[in-house]
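Visitor: pasting the structure only:
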Ligand SMILES: CC(C)(COP(=O)(O)OP(=O)(O)OC[C@H]1O[C@@H](n2cnc3c(N)ncnc32)[C@H](O)[C@@H]1OP(=O)(O)O)[C@@H](O)C(=O)NCCC(=O)NCCS
């Protein structure tokens with residue numbers, strides 16, 4: 001196996017993935033971040049996950065990305081649901097490898113639109129723009145953090161609806 005491998009997530013990765021997510025998003029030691037709870041909610045509702053990706057470095061899972069299904073207006077689209085890289089392994093390009101692998105597969109699958117919630121300074125490098133610029137709105141998350149990447153000229157427009165585990169976090 002290569003020293004660094006980006007591949008689809010497998011069931012055996014689940015425990016390590018959870019610890020990567022908790023470590024990457026955890027601001028305070030011992031306090032579990034909301035993203036770890038969200039990951040549990042998504043796992044409990046398999047229809048809310050399209051694909052999981054991991055990056056493995058020297059046999060250890062050090063990064064994770066989820067693609068989740070959303071609707072935009074009344075049409076299906078894809079979202080990068082969360083990306084996490086173990087703090088000890090950040091800034092080595094693993095996040096970019098994960099995003100690139102996920103986008104490559106979505107392009108091949110004929111997806112027309114990908115959305116993501118995150119820092120524009122990070123996702124802008126992959127071509128994401130503030131969602132309203134391409135006619136996509138989020139009732140839950142504000143611009144400029146809600147971003148979109150059209151993959152076709154004809155893509156859905158309108159309000160984004162995330163899978164239920166995201167909406168459950170808001171109440
Ligand atoms: C965001 C994250 C996934 C990036 O992973 P990574 O492997 O460190 O990223 P890469 O090595 O591909 O890219 C590093 C670059 O991204 C920048 N970057 C990392 N996190 C960033 C953030 N939140 N906002 C803006 N820029 C960010 C770094 O400064 C670096 O910039 P440079 O290339 O100009 O030096 C990782 O930092 C992480 O897990 N953060 C905590 C969880 C999180 O915020 N996830 C994203 C929201 S879903």
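Guide: Yep, that arrived. On a predicted model such as this, the values are computed, not experimentally measured, just so you know. Residues are numbered from 1 along each chain as shown.

Visitor: ok and the residue in the protein nearest the ligand?
Guide: residue 95 (2.5 Å; CB to the nearest ligand atom). All C-beta spots, glycine's among them, are computed from the backbone N, C-alpha and C.

Visitor: from the chain's centroid, how far away is stretch 6-13?
Guide: Averaged C-alpha coordinates place stretch 6-13 at 15 Å from its chain's average position (CA atoms, centre = their mean, to the nearest Å).

Visitor: measure that stretch end to end?
Guide: 13 Å (CA to CA, to the nearest Å).

Visitor: partners of residue 148 in the sheet?
Guide: Taking DSSP bridges as the rule, residue 148 bridges to residue 115, residue 129.

Visitor: distance of residue 47 from residue 76?
Guide: 12 Å (CB to CB, to the nearest Å).

Visitor: and residue 12, by the same measure?
Guide: Taking CB to CB as the criterion, residue 12 is separated from residue 76 by 29 Å.

Visitor: more neighbours: which of these two?
Guide: Counted by other CB atoms under 10 Å, residue 12 and residue 76 do not tie: residue 76 has more neighbours, with 12 against 8.

Visitor: helix or strand for that one, which one?
Guide: strand 75-85 (DSSP states H and E).

Visitor: list the buried residues for that strand?
Guide: Within strand 75-85, the residues scored as buried using 16 or more other CB atoms under 10 Å are 77, 78, 79, 80, 81, 82, 83, 84, 85.

Visitor: which residue is the nearest non-sequential neighbour of residue 33?
Guide: residue 25 (3.8 Å; CB to CB, 6 or more residues apart in numbering).
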